[in-house]
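S.K.: Could you work out the structure for the sequence below:
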Amino acid sequence: MLATTLLCALRGRGFALRLDRSAERPARLLVRPASRLTDQERVELQANKCALVTLLEAESAAPTTPLRLWGRDVMTALEVFPGAQVIAHHVPAGWPPSGGWIPSSLRRVDPCTAEPPTMPCPSCAGTTWHRAGAGWTCSTCHPLMMEAS
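M.R.: Now for the predicted structure:
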């Protein structure tokens, strides 16, 4: 989940997020009321902590004050594209995202691989595959036929 999506979802449910800054330690992310957080929300908060801290710092900065958090290249991009926002900072990049698949311009499906194809069906764009004999077939174009008893 993106940090911006998580921030909006938590605020929509009535949570207040703020930063606790101290000179001797890094900024802490405080969520109130913490007792209402689900286990999944706690996991998402931990995974997106750096990005959420950056978002909250950017929110608290005056709009006319340039953010000193970003490098020169990012500042240039923000000046060239008015209204653009930085939504992640110091977050490790990974592609494809967890549970995602990499789209491919190759429109040929190899049905004889050990794993199901990682691209959509060229006929219907479905992404669900099932075994058919020794290969894979699209579950939308070729649904499993159940025998009548």
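S.K.: Give the helix, strand or coil label for Leu19.
M.R.: On the three-state scheme (DSSP: H, G, I helix; E, B strand; the rest coil), Leu19 is labelled strand.
S.K.: Quick check: closest non-adjacent residue to it.
M.R.: Here the nearest residue to Leu19 in space, its sequence neighbours aside, is Ala27; by CB to CB, 6 or more residues apart in numbering that works out to 4.7 Å. For the C-beta atoms, the positions are set from N, CA and C on the backbone; glycine is no exception.
S.K.: Tell me which residues touch the one you found, please.
M.R.: Under the criterion of CB atoms under 8 Å, 6 or more residues apart in numbering, the contact list for Ala27 reads Leu19, Asp20, Arg21, Val53, Glu57.
S.K.: mind redoing it with 10 Å?
M.R.: Under the criterion of CB atoms under 10 Å, 6 or more residues apart in numbering, the contact partners of Ala27 comprise Arg18, Leu19, Asp20, Arg21, Lys49, Val53, Thr54, Leu56, Glu57.
S.K.: Using a markdown table, lay out those residues together with neighbour count.
M.R.: Compiled in a markdown table, those are given as follows (neighbours: other CB atoms under 10 Å):
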| residue | neighbour count |
| --- | --- |
| Arg18 | 14 |
| Leu19 | 15 |
| Asp20 | 9 |
| Arg21 | 11 |
| Lys49 | 16 |
| Val53 | 19 |
| Thr54 | 22 |
| Leu56 | 18 |
| Glu57 | 15 |
